[in-house]
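> have a look at this prediction, sequence included:
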There are 2 protein chains.
Amino acid sequence: MAVYTEVSDEALTAFLSEYDLGSLLSYKGIAEGVENTNFFLHTTAGSYILTLYEKRVREEDLPFFLNLMGHLYRAGLSCPQPVRNRRDTALGSLCGRPAAIISFLEGISVKRPTAHHCRELGRALAGFHEAGRDFAMSRANSLSVDAWRPLFEQAGDQTDTVAPGLAGRIRTDLALLESSWPRDLPSGVIHADLFTDNVFFIGDDLSGIIDFYFACTDALAYDLAICLNAWCFDAEGRYQREMGEAMIAGYEKRRRLEPGEVEALPILARGAAMRFLLTRLVDWLNVPSGALVQPKNPLDYDRRLAFHRHAGHARDYGWSG
Amino acid sequence: MAVYTEVSDEALTAFLSEYDLGSLLSYKGIAEGVENTNFFLHTTAGSYILTLYEKRVREEDLPFFLNLMGHLYRAGLSCPQPVRNRRDTALGSLCGRPAAIISFLEGISVKRPTAHHCRELGRALAGFHEAGRDFAMSRANSLSVDAWRPLFEQAGDQTDTVAPGLAGRIRTDLALLESSWPRDLPSGVIHADLFTDNVFFIGDDLSGIIDFYFACTDALAYDLAICLNAWCFDAEGRYQREMGEAMIAGYEKRRRLEPGEVEALPILARGAAMRFLLTRLVDWLNVPSGALVQPKNPLDYDRRLAFHRHAGHARDYGWSG
């Protein structure tokens, strides 16, 4: 949670003068978002989120993210809509940062999802994949299998300070993942970071998906594997089969998994756990002093990996064919 | 800026079930507020601020603050209105903290006020004092002259590490303030913390006053003296006489200062500077490691004190009688 960049009323008023959004009524920094600075923005035209992109987001990727949001919104997905300014671009500059205004989406993130939430998420994920099918741009997944060894090397000798034996477990799994990572699965735009904070519900209904700043072009089933990791383990790291079953069934209601995807699901889930284990490990070992953001514990994903190591078939995740 | 207490969707939904506010649409932690945790809250009934009172606010003072807000709102002041739950109280409990829901107020804080803003603030301050006249409760000012020496003693030997000679300057001024502090001025409810962040404007119009958590019973003119300190110095610590003139004139349009108040204005302004110098000094010397909040520089008020030391009459502040 953090506001990395302070925005004065004068700077914001000048920025807003490029948009047809009426006049400013209020804005407040939002205490969430690890990567960027976000403001809740209210003008006479409505409610918006103003995002200033901080250094962890590469500026050259922003057109991909913003165009994707616009594309998905037009395809009927419930996601924020980037607002274009009078120069017909959604990307502006504020306080020396790239900045964009997107529509405000109502909804609440659930902290402890149930099987019902997982089913809804599965359906929405398949809808996302379908809506992204005819999106013209592409972006390589910079955090896929080829990026994992360099991350592991970055953690280096310090890895075992986090948990005894962790380096050894990563080394073994990494070799296996590198040698058997599937390369020819159906691919398209994936969200790649669909954790519970990025999915909104109003009552029992999924009301929207946010935060597209890890979106990229990759295997569609890998996105599902990320969600299985993110949603279907309890606080003690035990897999909740009925939640996975609901998520996969929800997904398949809208997009049936191909046999190759079903077969690959265990390795994809294991890879997804490795990806989050490694990025969290590096963040954990590199907390700057005085950090505003508490890094997430990498060991949650060490426990998930232990489950994946013994899962041999998509059925172990609740796929019922 | 901080969210000190995380509130889960489940806890919030349970809390809201005690209110007639319809159903929850969204809530976001707000990255402001040094003392408390604030959420922007949107329900089917409207927009609100949810505040969880953290340990710096004394729980026994909360009825005073909330009743005051309700009183001022009913008197027509543009300020947040506390929402009462079905047990007809505005004060509840959430995540182990005292908590309240207040109406959301539109408006923007100006970072660099002009004479126009100061005039508006003066008028609103007098309106606040008038509206508070028939408020039945009272609360002693726990940060008035009697509290200053204990604060200075808390800073102790460390004072001069902040600026050479600072302890000596404080010692001399403190003795003078203690011996000549006026005790019989017209008194009533004062805001006592009306800095620019606590005053909202929409366009040129003052749209509201927030944050009543330092409000107390004290000399009305002391509140004006606090505002002169908070609004009428530039970034280099130079008094902006035309801003003070506008503020005092704005105030007197609604409530004429009595001769005793005019006479006391220089010492009140000096005392107000001392109060903020000392609390900031103590905060500055006691930043916990890993603090989420950057303390404010006490030296801004050392420079203000230098001005007040040479101001002999209300005219030096722009009062034109």
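Yep, that arrived.
> what are the ranges of the helices in the stretch 101-250 of chain A?
Ranges of helices within the stretch 101-250 of chain A are A:115-131, A:145-155, A:159-162, A:166-180, A:220-231, A:241-254, based on DSSP state H, counting those that start in this stretch.
> packing partners for the last one?
Same thing as helix A:241-254. The contact analysis (3 or more Cβ pairs under 8 Å, 6 or more residues apart in numbering or on different chains; DSSP states H and E) places helix A:241-254 against helix A:115-131, helix A:220-231. Heads up, the C-betas are built off the backbone N, CA and C, glycines and all.
> report the contact partners of the nearest residue to residue A:193 once chain neighbours are set aside.
Distance criterion Cβ to Cβ, 6 or more residues apart in numbering or on different chains; nearest residue to residue A:193, sequence neighbours excluded, is residue A:214 at 3.9 Å. Contact analysis of residue A:214 by Cβ atoms under 8 Å, 6 or more residues apart in numbering or on different chains lists A:143, A:191, A:192, A:193.
> list only buried entries from these.
A:143, A:191, A:192, A:193 (16 or more other Cβ atoms under 10 Å in any protein chain shown).
> now for those residues: which two are most distant?
A:143 and A:191 (12.8 Å; Cβ to Cβ).
> residues contacting residue A:202?
Contacts for residue A:202 were tallied using Cβ under 8 Å, 6+ apart; they are A:106, A:107, A:108, B:23, B:24, B:25.
> show the buried residues in those residues.
So, by 16+ other Cβ under 10 Å, the buried ones in the contacts of residue A:202 are A:107, A:108, B:24, B:25.
> any chance of the helices of the stretch 101-250 of chain A in TSV, with mean neighbour count too?
Shown next, in TSV, are these (neighbours: other Cβ atoms under 10 Å in any protein chain shown):
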stretch	mean neighbour count
helix A:115-131	22
helix A:145-155	16
helix A:159-162	17
helix A:166-180	15
helix A:220-231	26
helix A:241-254	21
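> and those helices: which comes nearest residue A:279?
helix A:145-155 (6.5 Å).
> and that closest one with helix A:220-231, angle?
Interaxial angle of helix A:145-155 relative to helix A:220-231 (axes from the mean of the first three to the mean of the last three Cα atoms, to 10 degrees): 40 degrees.
> now do helix A:145-155: which elements does it pack against?
Going by 3+ Cβ pairs under 8 Å, 6+ apart, helix A:145-155 lies up against helix A:166-180, helix A:259-285.
> could I get those as TSV with distance to chain B?
Below are these laid out as TSV (distance: least, Cβ to the nearest Cβ, whole Å):
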stretch	distance to chain B
helix A:166-180	25
helix A:259-285	15
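> residues in chain A within reach of chain B, list them.
A:1-3, A:8-10, A:23-32, A:40, A:42, A:105-112, A:200, A:202-203, A:289-292 (Cβ under 8 Å from any Cβ of the partner chain).
> give me the buried subset of those.
A:1-3, A:9, A:24-32, A:40, A:42, A:105, A:107-110, A:200, A:202, A:292.
> re earlier: quick one: which of the contacts of residue A:214 is nearest to residue A:263?
When the contacts of residue A:214 are ranked by distance to residue A:263 (Cβ to Cβ), residue A:192 comes first, at 21.3 Å.
> and the gap between the closest residue to the closest one other than its chain neighbours and residue A:143?
Distances taken as Cβ to Cβ, 6+ apart place residue A:214 nearest to residue A:192, at 4.3 Å, with adjacent residues excluded. The gap separating residue A:214 from residue A:143 is 7 Å, by Cβ to Cβ, to the nearest Å.
> so who does residue A:228 touch?
Going by Cβ under 8 Å, 6+ apart, residue A:228 touches A:244, A:247, A:248, A:269, A:272, A:317.
> okay, those residues in CSV with pLDDT next?
Conversion of those to CSV gives the following (pLDDT from 0 to 100):
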residue, pLDDT
A:244, 98
A:247, 98
A:248, 98
A:269, 98
A:272, 98
A:317, 98
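> can you list those residues in CSV and add distance to residue B:177?
Compiled in CSV, the contacts of residue A:228 are given as follows (distance: Cβ to Cβ, whole Å):
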residue, distance to residue B:177
A:244, 69
A:247, 67
A:248, 72
A:269, 69
A:272, 64
A:317, 72
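> which of the residues you listed sit farthest apart?
Among the contacts of residue A:228, A:248 and A:272 lie farthest apart (Cβ to Cβ), at 14.3 Å.
> beta partners of the closest residue to residue A:9 other than its chain neighbours?
The shortest distance from residue A:9 to any non-neighbouring residue, by Cβ to Cβ, 6+ apart, is to residue B:108 (4.8 Å). Listed beta-bridge partners, residue B:108: residue B:201 (assigned using DSSP bridges).
> what's the pLDDT at residue B:108?
Reported pLDDT at residue B:108 in the predicted model: 95.
> do the same with residue A:31
Confidence score, pLDDT, at residue A:31: 84.
> do the one 4 residues further on as well
At residue A:35, the pLDDT value in this model is 76.
> and if you look at residue A:138?
97.
> tell me how many other residues surround it.
12 (other Cβ atoms under 10 Å in any protein chain shown).
> pull the contacting residues for it.
Contact partners of residue A:138, counting by Cβ under 8 Å, 6+ apart, are A:64, A:189, A:217.
> that one and chain B, how far apart?
32 Å (Cβ to the nearest Cβ, to the nearest Å).
> please apply the same query to residue A:193.
Applying Cβ to the nearest Cβ to residue A:193 and chain B gives a distance of 19 Å.
> ok, that residue - contacts?
Residue A:193 makes contacts with A:211, A:213, A:214, A:215, A:226, as judged by Cβ under 8 Å, 6+ apart.
> mind running it again at 10 Å?
Residue A:193 makes contact with A:143, A:211, A:212, A:213, A:214, A:215, A:216, A:223, A:226, A:227, A:230, A:276, according to Cβ atoms under 10 Å, 6 or more residues apart in numbering or on different chains.
> now swap in residue A:220 and tell me
Applying Cβ under 10 Å, 6+ apart to residue A:220 gives the contacts A:125-126, A:128-130, A:132-133, A:185-190, A:251, A:255, A:257-258, A:261.
> let's see 6 Å
Counting by Cβ atoms under 6 Å, 6 or more residues apart in numbering or on different chains, residue A:220 touches A:129, A:186, A:188.
> from residue B:11, how far out is the residue lying closest to it once chain neighbours are set aside?
Distance criterion Cβ to Cβ, 6+ apart; nearest residue to residue A:220, sequence neighbours excluded, is residue A:129 at 4.9 Å. Distance of residue A:129 to residue B:11, computed by Cβ to Cβ: 34 Å.
> domain parsing for chain A?
Per automatic domain parsing, the domain ranges recorded for chain A read A:9-103, A:115-317.
> now tabulate these in a markdown table and tack on distance to residue B:46.
Listed next are the domains of chain A as a markdown table, based on distance: least, Cβ to Cβ, whole Å:
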| stretch | distance to residue B:46 |
| --- | --- |
| domain A:9-103 | 12 |
| domain A:115-317 | 16 |
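> so which of those domains is nearest residue B:118?
Here domain A:9-103 is closest among the domains of chain A (Cβ to Cβ), at 15.7 Å.
> figure out how far that closest one is from the centre of its chain.
Distance, stretch centre to chain centre, for domain A:9-103: 18 Å (Cα atoms, centre = their mean, to the nearest Å).
> need the phi and psi values for the most centrally placed residue in chain A.
Centroid-nearest residue in chain A, with Cα atoms, centre = their mean: residue A:193, separated by 1.6 Å. Taking degrees, to the nearest 10, you get phi -150, psi 40 for the backbone angles of residue A:193.
> how close does it sit to residue A:141?
Note on residue A:193: its distance to residue A:141, by Cβ to Cβ, is 11 Å.
> residues contacting stretch A:160-167, please?
In contact with stretch A:160-167 (Cβ under 6 Å, 6+ apart) are residues A:159, A:299.
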